[in-house]
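Student: Quick check, what structure comes out for this input:
(4 chains)
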Protein chains: 2
Amino acid sequence: MSGQELKTEERILEAAGDIFGNKGFKDTTIRAIAQAANVNIAAVNYHYRDKMGLYGAVLEDVFQTGFSRFPAQSGQDLTSTPEQRLRTFIQAMFLRLQSAEGWGGFSGKGRLIARELLDPSPAFEPVIERYIRPHKDLLVSIIKDILQTDPGQQILLSCAISIIGQCIYYSFASKVIDKISVENRPTEENIERLADFVWTFSLGGIARIREDLIISGEEQR
Amino acid sequence: MSGQELKTEERILEAAGDIFGNKGFKDTTIRAIAQAANVNIAAVNYHYRDKMGLYGAVLEDVFQTGFSRFPAQSGQDLTSTPEQRLRTFIQAMFLRLQSAEGWGGFSGKGRLIARELLDPSPAFEPVIERYIRPHKDLLVSIIKDILQTDPGQQILLSCAISIIGQCIYYSFASKVIDKISVENRPTEENIERLADFVWTFSLGGIARIREDLIISGEEQR
DNA sequence: AGAAAAATAAAACATTTGTTTTAACACTTC
DNA sequence: GAAGTGTTAAAACAAATGTTTTATTTTTCT
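Tutor: Numbering: from 1, shown residues only, chains lettered A, B, ... in the order given. Okay, here's the model as predicted:
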């Protein structure tokens, strides 16, 4: 072995995560990954069959570690209020997307999910079923508890999209946000504050939607 | 001229907008554009110097037509409430991003902005200054009017990001949203409803932020 | 109409890049 | 320790693709 910490296969996975995240699938060259991982070009094909195979492995790895390190619900969630559960959910989302121990915020793997949302690859399909959909279901159930009524899938989903959209936009548009306002850059120190802002904003949003539901419900009588 | 409606230069611009939007810069080949535009490959280089030159022209054209067709404020905005102005702003944003007369929603140019937010190209810089920044300033001033107080740039910006994030997420993640819930797909018929949902949600969010400001303001005394 | 300029077309070029091949090396197992 | 298996390295290949060149056609201007 060539005297490095991790072995070839893992070094490739690590380097590939960063470069794929930063530049996207097409813009990433196997040669760049090989160089960053200090590995021969052929090693990539040897271990992962082809570029797409490597990408699929990266995707699975990134989601696996991200969701296990920052679960969307904490242990004592069953006893806490739905509002608190929403806070846990949003905080985890920000930490997962932005923190260095997570997907590395600015120059890291967090942008992989943004890329997949924009241009889903075949490798994303299983990730959706295993991670995204349950994640969405959890959020919807939290929202339902906050609303204290079931307004139907359409409105629940709209609420969920509004919340997720806020969170992901920070990692999505980070470069432009940075250009316009440094203070709102999702750095390590800002993460918690930004997450709590989104939390408060979303609670207000849900509350207003609830009021609207009640009003239109009364009108219908 | 080869018996087509528009002349070569414009046909290239039109085709390039769609393909760049759908597949991104790197994934788009000049040959594909030439074929879609019914034009020789060399015509692209002849009229736009190189691929990047064409991309820059597309970007400018897309933003120019988008913002002139769907301005973020209507004529009588000065007399209307800030809440109504926010509604106009959000509706315009959805129409711009999603309608067929705008940036074409699902398979169109709306995704160009998403791509630029993720990976800003040099050609985006002037677009930011000419369109994005004034657009942001307008939104911030509306929010300030709704809050009836100035909480400082940081919170104003956070509000703006939360609102913009919701809007853009629909065009950003449209493919995945479609996979999870067809009802929330931003089609022509859904646009207005979705925009009004985001509007209501955001008004609630801003209201809650305002309450928080007042509380923390009183505590400080 | 004729010359000059602009536009279009076809082919050739040069570069990048994913992949394969072949050989050398390292490690495991009996 | 030798055979076999797994891994790494260098070079070669083949396809894709942006760009240029050169020739031809069309348009414009006087």
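Student: Please make it C-alpha for all contacts and neighbour counts, starting now.
Tutor: Will do.
Student: Next up, the contacts around the residue lying closest to A:D77 once chain neighbours are set aside.
Tutor: Once flanking residues are discounted, A:D77 sits nearest to A:R85: 6.2 Å by Cα to Cα, 6 or more residues apart in numbering or on different chains. A:R85 makes contacts with A:73, A:77, A:142, as judged by Cα atoms under 8 Å, 6 or more residues apart in numbering or on different chains.
Student: which among those gets closest to DNA strand D?
Tutor: A:Q73 (37.3 Å; Cα to the nearest atom of the strand).
Student: Please report how far the residue nearest in space to the middle of chain A lies from DNA strand D.
Tutor: Centroid-nearest residue in chain A: A:L97, 5.0 Å away (criterion: Cα atoms, centre = their mean). Going from A:L97 to DNA strand D by Cα to the nearest atom of the strand, to the nearest Å gives 31 Å.
Student: That residue sits in which helix or strand?
Tutor: helix A:82-98 (DSSP states H and E).
Student: Return the set of buried residues in the next helix or strand after that helix.
Tutor: Following helix A:82-98 in sequence order, the next helix or strand is helix A:110-118 (DSSP H and E). By neighbour count on 16 or more other Cα atoms under 10 Å in any protein chain shown, the buried set for helix A:110-118 is A:110-118.
Student: I figured A:H135 hits A:Q73, correct?
Tutor: No: the pair A:H135 and A:Q73 fails to qualify as a contact (Cα atoms under 8 Å) at a distance of 9.7 Å.
Student: List just the nearest of the contacts of A:R85 to chain B.
Tutor: A:I142 (16.5 Å; Cα to the nearest Cα).
Student: Leaving out chain neighbours, which residue sits closest to that closest one?
Tutor: Closest to A:I142 by Cα to Cα, 6+ apart is A:P82, at 5.7 Å.
Student: what do you get for A:A173?
Tutor: B:L117 (4.8 Å).
Student: Show the pLDDT at that neighbour.
Tutor: Reading off the confidence values, B:L117 has pLDDT 96.
Student: which strands and helices sit next to the helix or strand hosting A:R210?
Tutor: Per DSSP H and E, A:R210 falls inside helix A:191-220. Judged by 3 or more Cα pairs under 8 Å, 6 or more residues apart in numbering or on different chains; DSSP states H and E, helix A:191-220 is in contact with helix A:82-98, helix A:133-147, helix A:153-172, helix B:153-172, helix B:191-219.
Student: export these to a markdown table and tack on mean pLDDT and distance to A:M52?
Tutor: Shown next, in a markdown table, are those (pLDDT from 0 to 100; distance: least, Cα to Cα, whole Å):
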| stretch | mean pLDDT | distance to A:M52 |
| --- | --- | --- |
| helix A:82-98 | 96 | 23 |
| helix A:133-147 | 97 | 23 |
| helix A:153-172 | 96 | 23 |
| helix B:153-172 | 96 | 23 |
| helix B:191-219 | 94 | 36 |
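Student: Which one of those lies nearest to DNA strand C?
Tutor: Going by Cα to the nearest atom of the strand, the one of those nearest DNA strand C is helix A:153-172, 23.2 Å.
Student: got the buried residues for whichever helix or strand comes after that closest one?
Tutor: Sequence order places helix A:174-180 as the next helix or strand after helix A:153-172, per DSSP H and E. For helix A:174-180, burial by neighbour count (16+ other Cα under 10 Å) applies to A:174-177, A:180.
Student: Nearest to DNA strand D within chain A, name that residue for me.
Tutor: Closest point on chain A to DNA strand D, by Cα to the nearest atom of the strand, is A:N40, at 4.0 Å.
Student: Show me which positions of the helix or strand hosting A:E60 end up buried.
Tutor: According to DSSP H and E, A:E60 maps onto helix A:51-69. Buried positions in helix A:51-69, judged by neighbour count with 16+ other Cα under 10 Å: A:51, A:54-60, A:62-63, A:66-67.
Student: next one: stretch A:205-221
Tutor: Neighbour-count burial for stretch A:205-221 [16+ other Cα under 10 Å]: A:205-210, A:213.
Student: Show me what that stretch is in contact with.
Tutor: A:143, A:146-147, A:151, A:159, B:200-205.
Student: chain center to it: distance?
Tutor: For stretch A:205-221, the separation from the chain centroid amounts to 31 Å (computed by Cα atoms, centre = their mean, to the nearest Å).
Student: Next: stretch A:160-180.
Tutor: Distance, centroid of stretch A:160-180 to centroid of chain: 11 Å (Cα atoms, centre = their mean).
Student: How about stretch A:76-91?
Tutor: 18 Å.
Student: Alongside DNA strand D, which residues does chain A contribute?
Tutor: Applying Cα under 7 Å from any atom of the strand, we find that chain A lies next to DNA strand D at A:1-2, A:7-9, A:39-43, A:46.
Student: from these, which would you call buried?
Tutor: A:8, A:39.
Student: still on that earlier bit, dump the buried residues of helix A:51-69 to CSV, plus pLDDT and distance to B:Y170.
Tutor: Listed next are the buried residues of helix A:51-69 as CSV, based on pLDDT from 0 to 100; distance: Cα to Cα, whole Å:
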residue, pLDDT, distance to B:Y170
A:K51, 98, 30
A:L54, 98, 29
A:Y55, 98, 25
A:G56, 97, 25
A:A57, 97, 28
A:V58, 97, 26
A:L59, 96, 23
A:E60, 96, 25
A:V62, 93, 24
A:F63, 95, 22
A:G66, 92, 24
A:F67, 95, 24
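Student: How is chain A partitioned into domains?
Tutor: Domain ranges of chain A: A:8-49, A:62-220, per automatic domain parsing.
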